[in-house]
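[1] Structural data only, the sequence is not supplied:
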């Protein structure tokens, strides 16, 4: 794909997100939130004893999930108070799709890395924590 096509697609995507047309001669600026790379999310190193690895990983995942819920609800509240109904509906749809993706991805990763099955394995649960931290990192700028 050439640079011209990619930049045109990016323009269309960002233009669609902003919902506003640019005036002639107005500079086009990509919102910083769209430039955040979830791979830059600060993923902490976790140490769990081998005799309770899955249980320990579940505890860390639960904390990450609670943090995500706080950021997600703050984002929804901000959109509601700004009267951005369509954007809030889009956020809810995106979050539901993301949860399905995360669960499917981590079921695969957990089963691939371990003889245990998917989300019941230490790897599956650890994957859910990492993906949840990344999602929180991604949503953070939209919540403020």
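    Thanks, I have the structure now. Fair warning: this is a prediction, and the values are worked out from it, not measured in the lab.

[2] which residues of this protein score low on pLDDT?
    1-39, 112-120 (pLDDT under 70).

[3] Domain map for it?
    Listed domain ranges for the chain are 1-30, 38-143 (source: automatic domain parsing).

[4] what's next to stretch 40-58, contact-wise?
    Contacts to stretch 40-58, defined as Cβ atoms under 8 Å, 6 or more residues apart in numbering, come from residues 60, 116, 120-122, 125-126, 129-130, 133-134, 136-138. C-betas here are computed from N, CA, C, even on glycine.

[5] Which positions within it qualify as buried?
    Residues of stretch 40-58 classed as buried by neighbour count (16 or more other Cβ atoms under 10 Å): 41, 48, 53-54, 56-58.

[6] Looking at those, which are in helices?
    With helices taken from DSSP state H, the overlap with the buried residues of stretch 40-58 comprises 53-54, 56-58.

[7] Just send the residues you listed back as a markdown table, with distance to residue 94 too.
    Formatted as a markdown table, these follow (distance: Cβ to Cβ, whole Å):
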| residue | distance to residue 94 |
| --- | --- |
| 53 | 32 |
| 54 | 29 |
| 56 | 30 |
| 57 | 26 |
| 58 | 25 |
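
[8] ok so, going back, which two from the contacts of stretch 40-58 end up farthest apart in space?
    Maximum pairwise distance among the contacts of stretch 40-58 (Cβ to Cβ): 28.7 Å, between 116 and 138.
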